[in-house]
Each structure stands twice: as structure tokens, then as C-alpha cells.
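Q: No sequence on hand, only this structure:
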């Protein structure tokens, strides 16, 4: 099987990044820059909390859209909105993701959210003690506890086929447009 980030048939990617902090999203940006440089053809949807929209807007060159997350059991940032779950899944299904990646961290609940998106391929971080479902073809990487957050994301994307290279610097644009 071709690594999904090197596979031209993979065009629509969901990134499940359920953090509420600016720093968390900024730590994702070097890997997102490398991903965009290597695969400008990808349509990248970032799944996170609706109030992160102003931050995601500033990531416009790296992320194509925000798909607002209603919360789920086991995600500690806030209580889930049960009424929002079904519309969220409908919105995810409409996007027909080729690949959904858990890029949240060491939380099995995030893997359940990622699997619920209905993507053709599912992968991302494999939390401590969690076993990836059979048939996922090595698309998970054990969550690396011993490295900086920036390097975790770069390692994951390289594991999934992103060409190795120097990491892009951490930065945050003062206005939209990446």
C-alpha cells in the first residue's frame, strides 16, 4: 500500500486536533507547512472547536476549512453537545474524506472521533495502551512522549509518506492568509 500522504488518490484529509490553545495549533504549523509544500493538491479540514475559527483563519494557507467539533465523551476540554454530534457526522460524511488523522495526542477518545468520520483511511497517533483496529495498514504511529510537539507532528506525517526535510519554522501570521 502506498503511504497515504504520498498517494495522489488521497485528496481530502481531516485532521482531528481537538485543542483549545493557540500554542497547540502553532505547534502544528511546521508540519502543516511541510504538508502543504509537498501536497498542495490536498484539501485539508481541521476538526477543532468552533471558537478556534480566528486562529484557523490565520492558517488559511495551510488549512482549507474548520469543521467545528461538538465535543465527545473522553475529550476533556469541555462537555460534549449531544445535539451537535449527528449534524457533525453528516457534515463529515458530505466531505467524503479520503484520510482522517488523529493529531490530538495521547487520547483514545480522539481515535474514536477520527474513526467516526467515515474516511476511507484512518490513522494518526496511537495513544499509550491503545491498539489500532485491524486492517488499518500501519497508518498509526505510537504517540511519541519523548519529543517536542512540533516534532511529533512531523514524525507522524513522515510516517504517512511526507518526504523528510527540514522543519519549517514556528510562526503565526498577524493576519489571515498563512
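A: It's in. Since the structure is predicted, the reported quantities are computational estimates derived from the model, not experimental observations. Residues are numbered from 1 along each chain as shown.
Q: In contact with residue 6, which residues?
A: Contacts for residue 6 (CB atoms under 8 Å, 6 or more residues apart in numbering) come out as 161, 162, 163. In short, each C-beta sits where N, CA and C put it, glycine included.
Q: any idea which of those residues has the most stuff around it?
A: Among the contacts of residue 6, residue 162 has the most neighbours (other CB atoms under 10 Å), with 22 neighbours.
Q: Quick one: the strands in the chain, in order.
A: Counting by DSSP state E, the chain has strands at residues 12-16, 43-48, 65-68, 99-102, 121-126, 140-142.
Q: top helix in this structure by residue count?
A: helix 22-38 (DSSP state H).
Q: other SSEs contacting it?
A: strand 43-48, helix 53-58, helix 149-159 (3 or more CB pairs under 8 Å, 6 or more residues apart in numbering; DSSP states H and E).
Q: Tell me the predicted confidence for the residue of the chain most remote from its centre.
A: Residue farthest from the centre of the chain, counting by CA atoms, centre = their mean, is residue 83 at 23.3 Å. At residue 83, the model reports a pLDDT of 95.
Q: Please list the members of the contacts of residue 6 that lie in helices.
A: Judged by DSSP H, helices contain none of these.
Q: For residue 93, give me the pLDDT.
A: 97.
Q: Ok, residue 106 next?
A: Confidence for residue 106, expressed as pLDDT, is 91.
Q: Next, the contact list for it, please.
A: By CB under 8 Å, 6+ apart, the contact set of residue 106 is 125, 127, 128, 143, 145.
Q: isn't residue 89 right up against residue 115?
A: No. Residue 89 is beyond contact range of residue 115, at 11.3 Å (criterion: CB atoms under 8 Å).
Q: circling back: how about the contacts of residue 106 in CSV, adding pLDDT, distance to residue 28 and neighbour count?
A: CSV is the format used below for the contacts of residue 106 (pLDDT from 0 to 100; distance: CB to CB, whole Å; neighbours: other CB atoms under 10 Å):
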residue, pLDDT, distance to residue 28, neighbour count
125, 95, 12, 26
127, 89, 17, 19
128, 86, 20, 11
143, 92, 15, 18
145, 89, 18, 9
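Q: among the strands of the chain, which is nearest residue 56?
A: Set against residue 56 and scored by CB to CB, those come closest in strand 65-68, at 4.3 Å.
Q: Give the rounded mean pLDDT of the closest one.
A: On average, the pLDDT along strand 65-68 is 96.
Q: Need the contact partners of it.
A: 14, 43-50, 52-53, 56, 88, 91-92, 95.
Q: Now that strand: buried residues?
A: Neighbour counts over strand 65-68 (16 or more other CB atoms under 10 Å) mark 66, 67, 68 as buried.
Q: Could you do stretch 13-26 as well?
A: Within stretch 13-26, the residues scored as buried using 16+ other CB under 10 Å are 13, 14, 15, 16, 17, 18, 19, 24, 25, 26.
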